[in-house]
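Enquirer: what shape does this take:
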Amino acid sequence: MILEKEQETKSFLVYREKTTDTRIDVDKARLEKAVRELYHWQQNPQATFFTAQLYNLACKADAENAKKLLLGFPARMIAYLLWYTSHDQDEFFHTYMNLTEKEQNNEDIDY
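Expert: Below you'll find the model as predicted:
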């Protein structure tokens with residue numbers, strides 16, 4: 001599965017999954033939470049919380065089941081797919097674990 005970011009608003013990111021031509025809108029706060037859970041899953045391979053099990057399934061899913069996971073759990077699967085295809089995982093975590101923080105900093109600016 002290949003994700004391409006199409007659009008970004010203040011609260012949402014819009015991605016298109018290229019192989020299935022599926023459009024997914026995801027709330028930035030939910031994506032940030034999913035990335036934090038992904039980070040925890042990476043740091044604790046024995047983790048058994050729900051999202052950790054979901055990431056374990058994503059690792060093993062074929063294309064059809066990966067699409068079902070993407071449609072059922074969009075924020076978590078987008079986090080997983082972005083992480084999986086990232087060239088620099090440290091940069092990935094730094095960028096996506098601070099999505100809402102950037103928005104808060106922009107709101108503090110007086111014009």
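Enquirer: quick one: secondary structure of the most centrally placed residue in the chain?
Expert: Geometric centre of the chain, nearest residue: residue 79, 1.8 Å, by Cα atoms, centre = their mean. Here residue 79 is helix, with the state taken from DSSP: H, G, I helix; E, B strand; the rest coil.
Enquirer: give me every residue that touches it.
Expert: Contacts here follow Cβ atoms under 8 Å, 6 or more residues apart in numbering; on that basis residue 79 touches 31, 34-35, 37-38, 96. Just so you know, the C-beta spots here come from the backbone N, C-alpha and C atoms, and that holds for glycine as well.
Enquirer: ok, the closest residue to it other than its chain neighbours - contacts?
Expert: Nearest residue to residue 79 in three dimensions, chain neighbours excluded: residue 34, at 3.9 Å (Cβ to Cβ, 6 or more residues apart in numbering). Residue 34 makes contacts with 51, 75-76, 78-80, as judged by Cβ under 8 Å, 6+ apart.
Enquirer: return the set of buried residues in the strand or helix carrying residue 36.
Expert: In the assignment (DSSP states H and E), residue 36 maps to helix 28-43. Under the neighbour-count criterion of 16 or more other Cβ atoms under 10 Å, helix 28-43 has 28, 30-35, 37-39, 41 buried.
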